[in-house]
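> Predicted model and sequence below, questions to follow.
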Amino acid sequence: MSRLSIENLHVAVKGNEILRGVNLIVEEGQTLALLGPNGHGKSTLLGAIMGNPIYEITEGSVTLDGVDILSLPVDERAKAGLFLAMQYPPEIPGVNSIDFLKAAMNSRREKPLRTLQMYSALQSAYKEMGIPFEMSSRNLNEGFSGGEKKRNEILQMKLLEPKFAMLDEIDSGLDVDAMQVVAKAIRDEQEKGRGFLVVSHYARLYDMIHPTHVAIMVNGRIAVTGGPELIQKIDTRGYEWIKTELGIEVEKQSAMNKQSIGVCAAHVGTEGGK
């Protein structure tokens, strides 16, 4: 059984410590919902696992099936079975969507897919995600709406078939119909045994994909773990009970995030890609 293991992970941005000893395990077939106030490290965790260079790993480890992921370049992390659907998918001028998808799919195979197999897989994925196949001739994400970019991230996930998919606010910018499409695609992958680490601020997505586990991140650490009932508790009571029940003072976003991580991540995303 595949396992993604995060142990005592410390991550800094420009000398400002964001993650302060994160411990998490996600196993094959599990869907972990990661919640927490804005600016407390959720996106930082996903970006650090995937290898975004803005994040400096100062301590700890991340392993996938016993392999030291942090020692690998980004492309090798993807080949090992990790996938990140970004919060702010960048537009990449000059990179044709279909050429990008072909290269990504074939990079994980000993022998390239035959042309007929490739186009059959692409057409099926585009249809399932409700994206006109004609959009495959555009440059990657160029001219796409916010919702189309998010659906295109899930399309990539389906084609690449990772062991673990990390979804960073995949529901933001989606209308009701697009949300249904994305949620169904996630459920289909869950049935195949895909592992998920999902960040969202809204119970609506979690209601549709039924996480098996929940972790709440506060002040750059995992404050509490449990079952799906924690999502309802946060949805109705916010995070105030973290202080009253657990005695944890929730730091303000400005104290946690002097570098405005959300803005930094969006900026770096336009330069890097997956």
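Yep, it's here.

> what about the strands in the stretch 51-200 of the chain?
Using DSSP state E, counting those that start in this stretch, the strands of the stretch 51-200 of the chain run over 56-64, 67-68, 82-85, 92-96, 139-140, 164-168, 195-199.

> what's in contact with stretch 62-76?
Contacts to stretch 62-76, defined as C-beta atoms under 8 Å, 6 or more residues apart in numbering, come from residues 2-7, 9, 48-51, 57, 61, 77, 80-82, 107, 163-164, 272, 274. The way it works is simple: take the backbone N, C-alpha and C, and place the C-beta from them, glycine included.

> Contacts only, for residue 130.
The neighbours of residue 130, taking C-beta under 8 Å, 6+ apart as the test, are 151, 177-178, 181.

> Give me the phi and psi angles of the nearest residue to residue 227 once chain neighbours are set aside.
In this structure, residue 227 finds its nearest non-sequential neighbour in residue 214, 6.4 Å apart by C-beta to C-beta, 6 or more residues apart in numbering. Note on residue 214: its backbone torsions stand at phi -130, psi 140 [degrees, to the nearest 10].

> just the one 5 residues further on next, same as before
When read as degrees, to the nearest 10, the backbone of residue 219 gives phi 60, psi 30.

> Next, count neighbours for it.
Residues near residue 219, counting by other C-beta atoms under 10 Å, number 19.

> Can you name the two of the contacts of residue 130 that sit furthest apart?
151 and 177 (10.5 Å; C-beta to C-beta).

> who has more neighbours, the two?
Legend: neighbour count by other C-beta under 10 Å for residue 151 and residue 177, higher for residue 151 (25 against 10).

> Surely the more buried one is in contact with residue 179?
No: Residue 151 is not in contact with residue 179 according to C-beta atoms under 8 Å; the separation is 10.0 Å.

> Separate out the buried members of the contacts of stretch 62-76.
Neighbour-count burial (16 or more other C-beta atoms under 10 Å) applied to those gives 3-6, 9, 48-51, 57, 77, 80-82, 163-164, 272, 274.

> Just the ones in helices from those, please.
In helices, judged by DSSP state H, the following of those are found: 48-50, 77, 80, 272.

> Export those residues as TSV, with columns for distance to residue 199 and pLDDT.
Listed next are those as TSV, based on distance: C-beta to C-beta, whole Å; pLDDT from 0 to 100:
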residue	distance to residue 199	pLDDT
48	13	98
49	12	98
50	13	98
77	18	97
80	21	96
272	18	35
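
> Greatest separation within the residues you listed: which pair is it?
Using C-beta to C-beta, the two most remote members of these are 80 and 272, lying 18.1 Å apart.

> And the strands of the stretch 51-200 of the chain: which comes nearest residue 155?
strand 82-85 (10.0 Å).

> strands paired with the closest one, and their directions?
Its sheet considered, strand 82-85 pairs with strand 164-168 (parallel) by DSSP bridges.

> how far away is the residue lying closest to residue 226 once chain neighbours are set aside from residue 37?
What sits nearest to residue 226 in space, not counting adjacent residues and going by C-beta to C-beta, 6+ apart, is residue 214, at 5.5 Å. The gap separating residue 214 from residue 37 is 15 Å, by C-beta to C-beta, to the nearest Å.

> What of residue 164?
According to C-beta to C-beta, residue 164 and residue 37 sit 24 Å apart.

> got it, and residue 57?
For residue 57 relative to residue 37 (C-beta to C-beta), the value is 23 Å.

> related to what we said a few turns ago, so the residue nearest to residue 227 versus residue 115, what's the distance?
Distance of residue 214 to residue 115, computed by C-beta to C-beta: 44 Å.

> need the helices for the stretch 1-150 of the chain, in chain order.
For the stretch 1-150 of the chain, the helices defined by DSSP state H, counting those that start in this stretch cover 42-50, 74-80, 97-106, 115-128, 146-160.
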